[in-house]
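Chemist: Here's a sequence, model it:
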Amino acid sequence: GKIGYMVTSTQRSGEGYLITEQSFMRLNTLGTLQDVKIRTTTYVDQGFALKTFDFRISSQLVDFKIKGKL
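Modeler: Predicted structure coming up:
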């Protein structure tokens, strides 16, 4: 059956594009259901070369964030 979903959007922003990805999964881990959420926001230039990113994964056990800029 279905365990989750993923949604991706791309929008023009300034001289490039803003790409947003969100996903949700309900996973059975050692007999326990865990909800896992992932969100990534990326800014790329007109040629889709990476400029910045913002990533987050969260569940009942973890909340991890990372950012980067080129």
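Chemist: hmm, what's the outermost residue in this structure?
Modeler: Farthest-out residue of the chain from its mean C-alpha position, per Cα atoms, centre = their mean: Gly31, at 25.7 Å.
Chemist: Let me see the ranges of the strands in the protein.
Modeler: Along the chain, the segments classed as strands by DSSP state E run 4-13, 16-29, 32-45, 50-58, 63-69.
Chemist: Put together TSV for those strands, with mean neighbour count on each row.
Modeler: From N, CA and C alone the C-beta is placed, and that goes for glycine too. Listed next are those as TSV, based on neighbours: other Cβ atoms under 10 Å:
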stretch	mean neighbour count
strand 4-13	10
strand 16-29	14
strand 32-45	15
strand 50-58	15
strand 63-69	10
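Chemist: show me what contacts Thr42?
Modeler: By Cβ atoms under 8 Å, 6 or more residues apart in numbering, Thr42 lies in contact with 18-21, 50, 52-54.
Chemist: Tell me the one of those residues nearest Arg12?
Modeler: Of all those, Leu18 has the smallest distance to Arg12: 7.9 Å, by Cβ to Cβ.
Chemist: pretty sure Phe55 is touching Gln22, no?
Modeler: No - between Phe55 and Gln22 there is no contact under Cβ atoms under 8 Å: 11.6 Å.
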